[in-house]
Structures are given as structure tokens and as C-alpha cells.
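Participant: Here is a sequence together with a model predicted from it:
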Amino acid sequence: MKLEDALFNWLQIDRVAEARPDDRAALDTRDFFLQVLQEDHGVVRVSVSAEDATMIHVRIEKESGTKLFFFDREAAEGLVNDIAANPRYQS
């Protein structure tokens with residue numbers, strides 16, 4: 001999996017895990033994508049460093065340095081919004 005794809009997947013499920021802290025599947029999936037980032041891409045730390053109306057800024061740290069990625073906010077929050085809009089997933 002490409003770095004940007006793994007990072008976007010991590011960001012989407014991180015949003016779900018933040019919105020649903022008791023959702024074990026979301027937490028486990030976030031951990032899975034973190035593991036992919038660490039093992040496949042050498043990422044030491046990943047975090048959301050800033051947000052604005054249209055973009056989410058994600059910073060990764062590797063031994064070789066840091067890098068900043070920008071993701072469309074609407075796309076990144078699509079999964080959590082879809083889950084919230086579906087009564088089947090409400091407890």
C-alpha cells in the first residue's frame with residue numbers, strides 16, 4: 001500500500017475512533033493502519049498538526065525527518081459522516 005493511501009486510511013478511521021471512542025473495531029482498525037505506516041513506511045509518529053475549513057494537515061515523522069501531507073477535509077471526514085448518518089450503526 002502506498003504511503004499516502006495508508007495515511008489517508010489512518011486519518012479516516014482516526015476520525016471515526018475519535019467520534020466513537022467505545023467502538024473497538026474502529027480502534028483496532030486505526031491501530032492496523034498505524035502498524036502499516038510504521039512497518040511498511042518507517043513512520044515513527046503520525047499526527048494531525050492543523051485543520052482549516054477545507055484541509056487537514058497530517059505530519060509524519062521518520063528517522064530521515066518530518067513530512068507534511070494535506071488532505072481534503074470533506075473526503076477525510078466522509079467515513080465518519082456516513083457512519084453517523086446510518087441509523088444501523090447507532091447504539
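Facilitator: Thanks, I have it. Numbers count the residues shown, from 1 in each chain.
Participant: contacts and neighbour counts: CA atoms only from here.
Facilitator: Noted.
Participant: what's the burial count for Ile56?
Facilitator: Close neighbours of Ile56, defined as other Cα atoms under 10 Å, add up to 21.
Participant: Hmm, it is touching Leu68, no?
Facilitator: No. Here Ile56 lies out of contact with Leu68, judged by Cα atoms under 8 Å, at a distance of 10.2 Å.
Participant: What residues sit buried inside the helix or strand encompassing Arg15?
Facilitator: Counting by DSSP states H and E, the element that carries Arg15 is helix 3-19. The neighbour-count check on helix 3-19 (16 or more other Cα atoms under 10 Å) flags Ala6, Leu7, Phe8, Asn9, Trp10, Leu11, Gln12, Ile13, Asp14, Arg15, Val16, Ala17 as buried.
Participant: what does stretch 40-52 give?
Facilitator: By neighbour count on 16+ other Cα under 10 Å, the buried set for stretch 40-52 is Gly42, Val43, Val46.
Participant: again with stretch 23-35
Facilitator: Neighbour-count burial for stretch 23-35 [16+ other Cα under 10 Å]: Ala26, Leu27, Thr29, Arg30, Phe33, Leu34, Gln35.
Participant: Please save the CA atoms from it in PDB.
Facilitator: C-alpha atoms of stretch 23-35 as PDB (Å, rounded to 0.1, in the frame of the first residue of the first chain):
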ATOM      1  CA  ASP A  23     -16.100   1.400  19.000                       C
ATOM      2  CA  ARG A  24     -13.500  -1.400  19.400                       C
ATOM      3  CA  ALA A  25     -13.500  -2.100  15.600                       C
ATOM      4  CA  ALA A  26     -12.600   1.500  14.800                       C
ATOM      5  CA  LEU A  27      -9.800   1.500  17.400                       C
ATOM      6  CA  ASP A  28      -8.400  -1.800  16.100                       C
ATOM      7  CA  THR A  29      -8.600  -0.600  12.500                       C
ATOM      8  CA  ARG A  30      -6.800   2.600  13.400                       C
ATOM      9  CA  ASP A  31      -4.000   0.500  15.100                       C
ATOM     10  CA  PHE A  32      -3.800  -1.600  12.000                       C
ATOM     11  CA  PHE A  33      -3.200   1.400   9.700                       C
ATOM     12  CA  LEU A  34      -0.700   2.800  12.200                       C
ATOM     13  CA  GLN A  35       1.100  -0.500  12.000                       C
END
